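Visitor: return atomic coordinates for the entry below.
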Amino acid sequence: MPQHKKQSHDSIKESFLQSLLSINDLEGWSIVTGNEDSCYTSHSILGQLITSPREDEGILFLVCTTQESEVLHIRRELDIPKDITALVLKFDYNFITQEYPAVSETDALSVWVSDISNTSKDEVIELDNTDSSLSLDRLKFPEGDIAVAKTGWSNKRQQISTTLLPKTGGKLFLNFKLKNKGDRNQYPFVQLNNLDIFMLINTNVPARSVKQLDVFEAVFGGSFESPLPLTGWTINGSCYTAFNFGQFRATDRELFLVCNTYPNEESAWISREIDIPEGVTSLPLSLDYNFLSQEFPGNGLSDWDIIELSIKSANGNVTRLVAKSSDDISMVEDTLYIGENQLAIGRTGWQTLSVDVPVSSGKGEIKIMLSSEGGGNGLHSALLVDNIRFASPD
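Guide: The predicted model follows:
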């Protein structure tokens with residue numbers, strides 16, 4: 001039977017959910033240099049609560065310090081399958097130092113990925129923890145405050161070079177190293193949380209399974225975990241990725257797409273070119289969407305905003321998966337909590353759409369659009385989309 005290349009993906013998602021665990025008690029983690037007691041899970045640093053990077057993640061994190069030594073080196077082992085074609089690392093960190101402003105001469109945090117079988121092969125993950133990126137703060141103790149400088153919680157995302165990926169499978173190390181070259185009694189800290197490791201893998205599948213390709217998230221960013229331009233989306237108007245929109249969260253992983261008509265009641269859309277393989281005549285597409293509008297049935301308005309999700313095939317044919325206005329779509333009345341504002345809206349709630357789209361091979365286009373028809377009435381709508389995948393419904 002003919003074989004087609006399939007892109008599947010695997011991921012590791014790690015948040016620290018149990019307090020006061022030593023680093024050696026955490027699966028995959030180990031300490032290379034330094035004191036085991038100086039790296040542990042906690043909700044505080046020396047008794048002071050330091051909140052987690054995201055409100056929805058709880059308050060625990062991994063906190064490490066050099067204490068009175070010069071170096072602390074920890075690492076996370078990564079099992080890499082064969083035929084891997086891409087590896088993306090993402091994590092949150094907060095670097096804290098007592099020696100400011102001469103950080104570059106004393107304290108430092110470095111991160112890199114290394115090959116277990118060839119320690120000379122590594123790739124540095126650049127962090128912004130120089131003097132200019134730090135802000136002043138104070139750690140509070142019963143006997144008094146200590147002046148510190150910190151990066152604040154920062155998110156780092158990096159795709160690892162393919163030259164570092166073991167072609168036949170193997171192991172990599174994700175390394176974190178703290179250095180204290182100044183006063184041993186003024187040691188630095190690092191907080192870590194939300195480690196996310198995404199791997200894209202090539203496998204051969206029978207030709208009859210080509211309709212079940214699940215590559216959209218891996219190749220096209222269909223779960224919107226990366227900034228839109230990095231995954232090839234073209235943007236018009238107010239479209240962006242977000243952790244939340246009011247009280248609404250993603251249906252898959254952490255981020256989702258938001259397109260809205262605020263503040264100028266302008267239409268907003270994103271589009272993405274797609275390569276449709278030779279011999280494919282239909283694509284089973286599924287996605288989640290939630291339409292919210294201040295213009296909804298029952299509020300007495302005659303103007304309606306319109307949502308449209310469509311796929312254009314290589315032959316120019318356009319299939320509209322959703323093309324509805326807030327006048328003819330089923331919505332329930334609700335309140336949207338945005339900051340301190342409470343807005344009366346109608347919403348569909350998260351809906352899952354699954355369709356077979358007729359296509360022809362070649363370059364096509366997927367488009368997600370919110371059209372404003374409000375006519376200057378000052379009311380707005382938003383379209384939330386997540387988890388686009390080329391897969392038959394379960």
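Visitor: helix/strand/coil for the one residue sitting closest to the centre of the chain?
Guide: The centre of the chain sits closest to Glu225, judged by C-alpha atoms, centre = their mean, with a distance of 3.4 Å. For Glu225, the assignment made with DSSP: H, G, I helix; E, B strand; the rest coil gives coil.
Visitor: which residue packs closest to it, ignoring adjacent ones?
Guide: Excluding its sequence neighbours, the residue lying closest to Glu225 (C-beta to C-beta, 6 or more residues apart in numbering) is Leu255, at 5.1 Å. All C-beta atoms are positioned from the backbone trio N, CA, C, and that covers glycine.
Visitor: list the contacts for the one you found?
Guide: Ser223, Phe224, Glu225, Thr241, Ala242, Phe243 (C-beta atoms under 8 Å, 6 or more residues apart in numbering).
Visitor: angles on the backbone of the second one, please.
Guide: By that I understand Phe224. phi 60, psi 40 (degrees, to the nearest 10).
Visitor: what of the one 3 residues further on?
Guide: For Pro227, the backbone dihedrals (degrees, to the nearest 10) come out as phi -50, psi 140.
Visitor: burial of it, as a residue count?
Guide: 14 (other C-beta atoms under 10 Å).
Visitor: how close does the residue lying closest to it once chain neighbours are set aside sit to Ser38?
Guide: Nearest residue to Pro227 in three dimensions, chain neighbours excluded: Thr241, at 6.6 Å (C-beta to C-beta, 6+ apart). Applying C-beta to C-beta, to the nearest Å, the value for Thr241 to Ser38 is 36 Å.
Visitor: before we move on, what about Thr281?
Guide: Using C-beta to C-beta, Thr281 is found at 60 Å from Ser38.
Visitor: so those two - more neighbours on which side?
Guide: When Thr281 and Ser38 are compared for neighbours, Ser38 comes out ahead with 21 against 13, by other C-beta under 10 Å.
Visitor: hmm, that one is touching Thr65, no?
Guide: Yes: contact criterion C-beta atoms under 8 Å: Ser38 and Thr65 qualify, at 5.2 Å.
Visitor: anything in contact with each of these two?
Guide: What both Ser38 and Thr65 touch, as defined by C-beta under 8 Å, 6+ apart, is the set Leu72.
Visitor: related to what we said a few turns ago, skip ahead from the one helix or strand the residue nearest to Pro227 maps to and say which helix or strand is next.
Guide: In this structure, Thr241 sits in strand 238-242 according to DSSP states H and E. Downstream of strand 238-242, the next assigned helix or strand under DSSP H and E is strand 244-245.
Visitor: now what about that following strand, what contacts it?
Guide: Contacts to strand 244-245, defined as C-beta under 8 Å, 6+ apart, come from residues Asp56, Phe256, Val258, Leu292, Ile338, Ala382, Leu384.
Visitor: for the second one, name its beta-bridge partners.
Guide: Going back to what we said before, that points to Phe256. Ala242 (DSSP bridges).
Visitor: contacting residues around it?
Guide: Contact partners of Phe256, counting by C-beta under 8 Å, 6+ apart, are Ser223, Phe224, Thr241, Ala242, Phe245, Arg249, Ala250, Leu384, Val385, Asp386, Asn387.
Visitor: of these, which is the nearest to Asp83?
Guide: Distance to Asp83, by C-beta to C-beta, is smallest for Ser223 among these, at 21.9 Å.
Visitor: surely the closest one touches Leu257?
Guide: No: contact between Ser223 and Leu257 fails when scored by C-beta under 8 Å: they sit 9.4 Å apart.
Visitor: touching both of these two, which residues are there?
Guide: Joint contacts of Ser223 and Leu257 (C-beta under 8 Å, 6+ apart) are Asp386.
Visitor: and the chain, what are its domains?
Guide: As recorded under automatic domain parsing, the domains making up the chain are 3-200, 213-390.
Visitor: mind putting these in a markdown table, mean pLDDT included?
Guide: A markdown table is the format used below for the domains of the chain (pLDDT from 0 to 100):
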| stretch | mean pLDDT |
| --- | --- |
| domain 3-200 | 78 |
| domain 213-390 | 79 |
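Visitor: next, count neighbours for Gly279.
Guide: 10.
Visitor: now the residue of the chain most remote from its centre: how far from Glu99?
Guide: Among the C-alpha atoms of the chain, the one most distant from their mean position (C-alpha atoms, centre = their mean) is that of Glu143, at 40.8 Å. Distance, Glu143 to Glu99, by C-beta to C-beta: 20 Å.
Visitor: give me the buried positions along stretch 356-366.
Guide: Val357, Val359, Gly364, Ile366 (16 or more other C-beta atoms under 10 Å).
Visitor: can you check stretch 158-178 too?
Guide: 158, 160, 164-166, 170, 172-178.
Visitor: pull the CA atoms of it into CSV?
Guide: Output in CSV follows, covering the C-alpha atoms of stretch 158-178 (Å, rounded to 0.1, in the frame of the first residue of the first chain):
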residue,chain,number,x,y,z
GLN,A,158,12.6,28.8,21.5
GLN,A,159,12.7,26.3,18.6
ILE,A,160,15.8,24.1,18.9
SER,A,161,18.1,23.8,15.9
THR,A,162,17.6,20.6,13.9
THR,A,163,21.3,19.9,14.0
LEU,A,164,21.0,19.2,17.7
LEU,A,165,18.1,16.7,17.3
PRO,A,166,19.1,13.0,17.4
LYS,A,167,18.0,11.5,14.1
THR,A,168,17.5,8.0,15.5
GLY,A,169,16.2,9.0,18.9
GLY,A,170,18.1,9.7,22.1
LYS,A,171,18.2,12.1,25.0
LEU,A,172,18.8,15.8,25.5
PHE,A,173,19.4,17.9,28.6
LEU,A,174,17.7,21.2,29.3
ASN,A,175,20.2,22.9,31.6
PHE,A,176,19.8,25.8,34.1
LYS,A,177,22.8,27.3,35.8
LEU,A,178,23.0,30.0,38.5
